[in-house]
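Visitor: Pasting the sequence and the predicted coordinates here, then a few questions.
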Amino acid sequence: MFQRVARTIGRPTVGVAAVLLITAIFRHVPVANVTTVGFTFLLAILIASTVGGLATFDSDVRCSYLNFRLFLYSPSRHIEHHRHP
């Protein structure tokens, strides 16, 4: 029973940890553009969800979206883009 619980919790946790690691790398070493960061998140999500299943996919997508919007995508760029004439 403990192994089942550990597997259920562990796989999504490892996926989220991978997304957080990618966020930390690209936030502190700005050597890539936004498209490269998004593609890196996509690859991490696909690899983790192939191994971990739907729960891992769901947690990784939510975590990567929030990290991308909050830490890697410029808020001023977002405000200028949605400004109405």
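Guide: In hand now; what should we look at? Numbers count the residues shown, from 1 in each chain.

Visitor: Can you say which helix or strand has Ser59 in it?
Guide: Taking DSSP states H and E as the criterion, the element that holds Ser59 is helix 54-67.

Visitor: Actually, Ala17.
Guide: helix 2-28.

Visitor: So, low pLDDT: which residues of this structure?
Guide: 6, 74-85 (pLDDT under 70).

Visitor: how close does the residue most central in space within the chain sit to Leu54?
Guide: Taking C-alpha atoms, centre = their mean, the centroid of the chain lies closest to Ser64, which sits 2.1 Å from it. According to C-beta to C-beta, to the nearest Å, Ser64 and Leu54 sit 16 Å apart. Where you see a C-beta, it was placed from the backbone N, CA and C, and this is true even at glycine.

Visitor: how close does Val31 get to Ile25?
Guide: From Val31 to Ile25 the distance is 9 Å (C-beta to C-beta).

Visitor: How about Val5?
Guide: 31 Å.

Visitor: For the two, indicate the residue with more neighbours.
Guide: Ile25 (13 against 9; other C-beta atoms under 10 Å).

Visitor: what about that one, distance to Val19?
Guide: For Ile25, the distance to Val19 - C-beta to C-beta - is 11 Å.

Visitor: can you check Arg69 too?
Guide: Distance from Arg69 to Val19, by C-beta to C-beta: 13 Å.

Visitor: When these two are compared, which one has more neighbours?
Guide: Per other C-beta under 10 Å, whichever of Arg69 and Val19 has more neighbours is Val19, with 24 against 11.
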